[in-house]
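> Below is the sequence, then the predicted model.
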Amino acid sequence: MDIVVFGTGRLYSRYRNAFERHSIVAFLDNDVHKHGQYLDGKPVMAAEAVSSLKYQRIYIMSNKYFDVLFEQLHTLGVPEKVIFSVSDLWELRLDANEVSSSSLAPESAKRKILVVSNGFSFTGAPIAAFYAAAVFSACGYDVTALSDAAGPLQQEYVGAGIKTLVDVDLGLKQLDDIQDVDVYDVVIVNTMTFYYLLRRHGRCHRIIWWIHEAQEFYADISRTMAISVDFTGVEVYAVSNIARKNFLMVWPGKNIGCLRYGIPDKSKSKSKGRQHDKIIFAVVGTISERKGSDLLLDAFRGMSSDFDELYELWLVGNTDKKNVSPWERKIIEEFMRIPQVSLLGILGREEMTSFYEEIDVLICSSREDPLPIVITESMMHYKPVIMPASGIGQVELLDNQQGDLLFESDSAKDLTKKIEWSMSHLKALTDNGKVGRKIYEKYFTMEVFKQQLMSVMEGSSATSRNSFKLK
């Protein structure tokens, strides 16, 4: 099939393999600086050049601006019937890389659950999905986990006796395109980013859609994409009020229940006190604007020199300067200039358990994070957390506790004050760590999680659907 691709950015890079068995005639792009260049051996042209091209379909590689680009093509005389979106790409790969019936369908007579999650990585939402799958498996369900990419989390599934499958074309499909999806009693779609799977799901018996995302993840969803989601029979749950409100901005009026995740208690003992002569502050996560990496940098650069010999700052996450944006590279380089900073890179799960035992204070500088697992893990380990007073899911559970460690959102200056305060109030840090532990025990243990999941599965989810602590 001869195809014209409109858009040469991130989405084309992500889904370029979808076109591998077809012929791309040319690329269209509204960026004049790209005109005359070549991408994958094909010319990049202005949209107006479409009239000179011969093709059977045009794929618009933008969700956010789909409606605008669709209208632009229509104005240029392109028939509506030949214009397609990213969510239609699955049709190009119908007979390639399918998950076979024999590999997907479970043989057990137990009630069957399919957990569809975004990658088998050691990041927030995939970890939450794994612990949910582990609960279901322990309760006697036959669980299969399906993702669009392989990753280290698969070993955790294997250890829990849960089957894992990878379908690299999952991002091009709808639920009804997944072979044997109808053999599952329940399909759990983990994360909002799989919204396109829910455009067609008539073969599914029951669907639970579990929402985790910050507002920025909704930026690429156009109105056309949003209204394509079929909510018939779909039960929607969110991990926090923040995740719920973000979802309602795109899909207003939907009934959304509360389903927080749970994590196993890996704390070796009650708070053992400080393990080092210096106070160890720690940050876990990617270097990004949403994570407030620039705020964190400014906060430490703004600290009084009186504290220079009293602390260390450990950064955990991808701090490799390769394959990052110029902004991220600059932030990493600036952190490296601070003598107290150590870049620990990415740690495995067992390494993270030891890491939590070693640190004194976790810092979350995120501008928004609906319910970060790293905060919950720190609370589990009796570690106090410095975090923004708004935009973080756990804050709504504090009931005005830990106020000494909450800083004004988006304020590096106030974050500096809280960091310096914590070094002058070590007894208060211990007390705040105990408060955090109580939050973990009340909301995030695996037993509490099990009770929530079983309530949802049994259909008696009224409590869950009304358990948001509204502010």
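On my side now, so go ahead.
> What strand or helix carries the spatially most central residue of the chain?
Centroid check for the chain by C-alpha atoms, centre = their mean gives A125 as the closest residue, at 5.3 Å. Using DSSP states H and E, A125 falls within helix 124-138.
> in that helix, what's buried?
Neighbour-count burial for helix 124-138 flags 124-137 (criterion: 16 or more other C-beta atoms under 10 Å). Backbone N, C-alpha and C define where each C-beta goes, glycine included.
> After that helix, which helix or strand is next? Please name it.
strand 142-147.
> Which strands border that following strand, and is each parallel or antiparallel?
strand 112-117 (parallel), strand 163-166 (parallel) (DSSP bridges).
> Quick check: which ranges of the stretch 351-471 of the chain have low pLDDT?
The stretch 351-471 of the chain contains residues with pLDDT under 70 at 400-402, 460-471.
> I meant the chain, not that one.
Looking at the chain by pLDDT under 70, you get 90-91, 93-109, 269-275, 321, 400-402, 460-471.
> Just give me how far the longest helix along it sits from the chain centre.
Ranked by number of residues, the top helix in the chain under DSSP state H is helix 426-443. Helix 426-443 has its C-alpha centroid displaced from the chain centroid by 26 Å (C-alpha atoms, centre = their mean, to the nearest Å).
> Residues contacting that helix, please?
With C-beta atoms under 8 Å, 6 or more residues apart in numbering as the test, helix 426-443 has contacts from 260, 265, 267, 271, 273-274, 279, 360-361, 376, 378-380, 382-385, 394, 397-398, 401-402, 404-405, 422, 448.
> swap the cut-off to 7 Å and go again
Contacts with helix 426-443, where a contact means C-beta atoms under 7 Å, 6 or more residues apart in numbering, come from 260, 271, 360-361, 376, 378-380, 382-385, 394, 397-398, 401-402, 404-405, 422.
> now stretch 223-237
63, 66-67, 87, 195, 198-201, 207-211, 250-251, 254, 256-259.
> Now do T144: how many residues are near it, please.
23 (other C-beta atoms under 10 Å).
> what separates the spatially closest residue to it that is not a sequence neighbour from I178, distance-wise?
Nearest non-adjacent residue to T144, counting by C-beta to C-beta, 6 or more residues apart in numbering: K163, 4.8 Å away. When distance is defined by C-beta to C-beta, to the nearest Å, K163 is 15 Å away from I178.
> ok, the two, which is more surrounded?
I178 (24 against 16).
> Got the phi and psi for that one?
Per-residue torsions, I178: phi -80, psi 120 (degrees, to the nearest 10).
> how close does it sit to S288?
32 Å.
> Report how many residues lie close to the nearest residue to S411 once chain neighbours are set aside.
Counting by C-beta to C-beta, 6+ apart, L295 is the residue found nearest to S411 once chain neighbours are left out, at 7.6 Å. For L295, the tally of surrounding residues (other C-beta under 10 Å) stands at 24.
> can you pull the contacts of L295?
Neighbouring residues of L295 by C-beta under 7 Å, 6+ apart: S365, D410, A412, L415.
> three-state assignment of the last one?
If I follow you right, that is L415. Secondary structure, DSSP: H, G, I helix; E, B strand; the rest coil: L415 is helix.
> List the contacts of it.
By C-beta under 7 Å, 6+ apart, the contact set of L415 is L295, A299, S365, F407.
> where's it relative to D404, distance?
13 Å.
> what's the answer for the first one, then?
Separation of S365 from D404 (C-beta to C-beta) stands at 17 Å.
> neighbour-wise, which of those two wins?
S365 (24 against 16).
> wouldn't the more buried one be in contact with G292 here?
Yes: using C-beta atoms under 7 Å, S365 is in contact with G292, at 3.4 Å.
> what separates the residue nearest to T144 from V181, distance-wise?
Distance from K163 to V181, by C-beta to C-beta: 15 Å.
> contacting residues around the nearest residue to S240 once chain neighbours are set aside?
Nearest in space to S240, with sequence neighbours left out and distances taken as C-beta to C-beta, 6+ apart, is G393 at 3.3 Å. Neighbour list for G393: V239, S240, I242, D369, P370, L371 [criterion: C-beta under 7 Å, 6+ apart].
> so which pair among those is furthest apart in space?
Farthest-apart pair in those is V239 and D369; separation 10.6 Å (C-beta to C-beta).
> Which one's more surrounded, the two?
Higher neighbour count among V239 and D369: D369, with 27 against 23, using other C-beta under 10 Å.
> Identify the residue nearest that one in space, chain neighbours excluded?
Leaving aside its chain neighbours, D369 sits nearest to I392 (5.5 Å; criterion: C-beta to C-beta, 6+ apart).
> Then A389?
Using C-beta to C-beta, 6+ apart, the closest residue to A389 is L406 (4.1 Å).
> residue contacts, that neighbour?
Neighbours of L406 in contact, by C-beta under 7 Å, 6+ apart: M387, P388, A389, V395.
> from those residues, which single one is nearest D220?
P388 (25.0 Å).
> wait, what's in contact with the closest one?
Each residue near P388 by C-beta under 7 Å, 6+ apart is listed here: S366, L406, F407, S409.
> wait, the last one sits on V395?
Spelled out, it's S409. No: shown here, S409 and V395 do not form a contact pair, counting by C-beta under 7 Å, at 9.8 Å.
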